[in-house]
Each structure stands twice: as C-alpha cells, then as structure tokens.
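Predicted coordinates and the sequence they were generated for:
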Amino acid sequence: MTRRKLIALAALAAAHAWPLLAGAQRERTWRLGVLSPTGRASNPRIWGAFERGLRDLGYVEGKNLIVHWRSADGHYERLPALAAELVNLKVDAIVASAPPAISAAKHATTKIPIVMGVTADPVAAGFVRTLARPGGNVTGSASPVAEYSPKHLELLRRVAPALSRVGVLLNPANPVHRIILQSLLPAAGKLGIAVFPAEAKTPSGIESAFEQYARQRAEALIVGPDTFFVQQRQLIADLASQRRLPAMYPLQEHVEAGGLMSYGHDVSHNFHLAAIYVDRIFRGANPIDLAVEQNSRFELVINARTARSLGISIPGDVLIQADRVIE
C-alpha cells in the first residue's frame, strides 16, 4: 500500500472516530467547580447566562454534569479555603467569577483548568502571560475597565454640567480597582474634576464611605465593578439617594435598584463565553492554547425615575444612546 493511501485511510478513520470520541466525551459525567465572591442570587442575570450556555452545549446538571458551587458570601478572605475545597474534590475545571476568585483559584492549583468569568486586565493581574497565549491553566474572557471608566466621568458631567467633585467607591480586596483609579485620575484632570476615593468591603464600610463623601463635599459618585457592591446594590442606591448624589455604576443591576446610570460591558456575555470555554476544555482543549477573548459589548442604562427624584434632566443625546431607560 502506498504512503498516500495510508495517509488517506488514516484521515478517513480519524473522521469516523471523532463523532465516537465526542459522544464518549458527552457520555461521561463532568465535575465543574464554580468559585464566586458572592452567591448566585446576588446576580441571577449573569449566572442565568452561564447556565443557559451550558445547557445549549448539551450539559445538564444531574445528568452529565455535577456543579460544585462555592460562594464566599461577600467575605473575600474565605475564597482561598473554598478554592482548596474544589481542588480536593478533583473537579475537571473551575469557573472563577471575578478577580478575587480567579486569584484564589490560581493559587490553589496549577493543574486544574480555570475559566475566568470576568476580569479587567488578566495580564496586569498576573492571571495569564498574554491574551493570545495564556501560558498556564487560566483562560477565559476579559472586560477592560480602562475603556469605560473615563466615560463614567464624561456621562456624569453631561447630566451635571457644574460637576467638580466626585467620590469613587472601591473595594480594597479587588485588584481591578487600582486600574480603575489609575484610568480615572488623568481623565478627571482633563475635565477639571477632583476625585475622592473611599474603600469599603463591608456594609458598614460602605456607610462610612458615604460619610466621607459628605465631608469632602462630593457632588456625584462612581462605583467600581465588584461582586460585593452588586450584592449591596440596594444599600448603595439608597445612600446615594439620601445624599442626593447622582451615581454612575458599571452594571445595570445597580440601576434597577434605583441607581441613576450604568455604563459598562454586558457581563452576561462574559459568562456565556465562560460556558463555551468550559465546553472546549471538556472536549480536550488545553487552556494554554485558548486565547483570552475581550468583551466589546457595552450597554448604557438610565433610571429616569431616579433622575426626576434628583431634579436632573437627562440630555436628549444621552437618552438616545441608552440601551434601556427605566421609567
């Protein structure tokens, strides 16, 4: 038999074998770990996108998939122990929803594949070597906050033209927030706006931050993207309302709770992508070969009721840009 015929037969055999291999992959029961700073109930939209993504790819919890959910319930210091639990369970992959969880998972294992739910700059954070070639056991998607943090200032200035003093709420346990502040300061300088950062990682810390803003005579507020802040979105929205501070948020969940405006990436897309990365890994892909995808989907959401209660008139050109207006 000629070499050419041997190659052709081998290719034909591989083509017939692949469906059988794919079927075998699906027939086994996969064990997936999910590590999050807060529980699923704090943001059903993003976790719903993740679970729908898995179902669309043929994974049914209790049939061919076991999911071990681990949440720190807002206490980020618990994440390393929870990550260790997942490693001891010998899961096939770990989905880490946010930077503090990604960091904990990365420190817990160098072997189990880790899929990032959402993070700002995974290279700067040390999660991957490059976006194209992650270089380890971590991959997933990213939403660069440096792209939209200055936009928060611009939008606040559009609805409050005399704005000159802005408070910024940050979580010291979230490494992304350093990037946010670094991107905000130059933009604030160009607009002639003074920035007053305050840190909080507990509900009482959030209340103290608002007291600090009052002392600094802040006229508006920017809230950093953080799962704990999403969990505490009603408290933050209520305090902003009481202090009559127009506030800018990264996620629409804050606006649904009564916040004024949100602008940022549609992170439900990140979690849909996380399901796709999990599927690729279960099919045999190595994270080292799975490039990090950057989310380019942005959304602007405005709460018209909140604007009226604050005596703010949203300019028509800003309303036109909105993906959603809550009346």
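Alright, I've got the coordinates. Residues are numbered from 1 along each chain as shown.

And for S103, the neighbour number?
Counted with other CB atoms under 10 Å, the neighbours of S103 add up to 22. The C-beta positions use only the backbone N, C-alpha and C, and glycine is treated the same way.

That one contacts N174, correct?
No: the pair S103 / N174 is not scored as a contact, 9.9 Å apart, by CB atoms under 8 Å.

From one end of stretch 218-235 to the other, what's the distance?
18 Å (CA to CA, to the nearest Å).

Enumerate the positions of it that are buried.
For stretch 218-235, the neighbour count (16 or more other CB atoms under 10 Å) marks 218-233 as buried.

which residues in the protein form strands?
30-36, 65-71, 93-96, 114-116, 138-142, 165-170, 194-199, 220-223, 247-249, 261-265, 293-294, 298-303, 324-326 (DSSP state E).

List the residues that contact H269.
49, 141, 295, 297 (CB atoms under 8 Å, 6 or more residues apart in numbering).

Leaving out the residues flanking it, which one is nearest to G258?
What sits nearest to G258 in space, not counting adjacent residues and going by CB to CB, 6 or more residues apart in numbering, is A237, at 3.8 Å.

okay, now the one you found: neighbour count?
Residues lying near A237 (other CB under 10 Å) number 22.

For R243, see how far away it is.
11 Å (CB to CB, to the nearest Å).

now do V34
For V34, the distance to R243 - CB to CB - is 36 Å.

quick one: which of these two has more around it?
V34 (24 against 16).

can you pull the contacts of the more buried one?
For V34, the contact set (CB under 8 Å, 6+ apart) comprises 67-70, 94-95, 97.

rerun at 6 Å
69, 95 (CB atoms under 6 Å, 6 or more residues apart in numbering).

Likewise for I312?
Applying CB under 6 Å, 6+ apart, one finds that I312 lies in contact with 159, 246.

repeat that with 7 Å
I312 makes contact with 159-160, 246 under the criterion CB atoms under 7 Å, 6 or more residues apart in numbering.

So which of those residues is the closest to A198?
Each of the contacts of I312 was checked against A198 using CB to CB; the closest is P246, at 16.9 Å.

show me where pLDDT drops low in the stretch 201-327 of the chain?
Judged by pLDDT under 70, the stretch 201-327 of the chain has no weakly predicted residues.

Now a ChimeraX select for only the buried ones of the contacts of H269.
The buried residues among the contacts of H269 can be selected in ChimeraX (16+ other CB under 10 Å) with this line:
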select :49,141,295
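
Kindly reformat the contacts of H269 as JSON lines and extend each row with distance to I314.
Formatted as JSON lines, the contacts of H269 follow (distance: CB to CB, whole Å):
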{"residue": "A49", "distance to I314": "28"}
{"residue": "S141", "distance to I314": "31"}
{"residue": "N295", "distance to I314": "26"}
{"residue": "R297", "distance to I314": "22"}
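
Give me the most central residue, the protein.
Nearest to the geometric centre of the chain sits V118, at 3.4 Å (CA atoms, centre = their mean).

So what's the residue count around the nearest residue in space to it that is not next to it in sequence?
Among residues not flanking V118 along the chain, N270 sits closest, at 4.3 Å (CB to CB, 6+ apart). Neighbours of N270 under the rule other CB under 10 Å: 25.

can you pull the contacts of R305?
Per CB under 7 Å, 6+ apart, neighbours of R305: 326-327.

ok, 10 Å please
Contact analysis of R305 by CB atoms under 10 Å, 6 or more residues apart in numbering lists 258, 260, 325-327.

what's the closest of the buried residues of stretch 218-235 to R129?
For the buried residues of stretch 218-235, the minimum distance to R129 (CB to CB) is 23.8 Å, reached by P225.

check contacts around D92.
Going by CB under 10 Å, 6+ apart, D92 touches 28-33, 65-66, 112-113, 278, 281-282.

of those residues, closest to N303?
V278 (34.2 Å).

residues touching D279, list them.
Taking CB under 10 Å, 6+ apart, we find D279 in contact with 25, 30, 53-54, 56-59, 93, 285.

can I get the residues you listed in JSON lines with distance to G136 and neighbour count?
What follows is these, written out as JSON lines (distance: CB to CB, whole Å; neighbours: other CB atoms under 10 Å):
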{"residue": "Q25", "distance to G136": "23", "neighbour count": "15"}
{"residue": "W30", "distance to G136": "21", "neighbour count": "19"}
{"residue": "G53", "distance to G136": "24", "neighbour count": "21"}
{"residue": "L54", "distance to G136": "24", "neighbour count": "22"}
{"residue": "D56", "distance to G136": "28", "neighbour count": "12"}
{"residue": "L57", "distance to G136": "24", "neighbour count": "15"}
{"residue": "G58", "distance to G136": "28", "neighbour count": "14"}
{"residue": "Y59", "distance to G136": "25", "neighbour count": "21"}
{"residue": "A93", "distance to G136": "14", "neighbour count": "22"}
{"residue": "A285", "distance to G136": "14", "neighbour count": "14"}
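
can you put these in TSV and add distance to P197?
Compiled in TSV, those are given as follows (distance: CB to CB, whole Å):
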residue	distance to P197
Q25	48
W30	42
G53	35
L54	38
D56	41
L57	41
G58	46
Y59	42
A93	36
A285	40
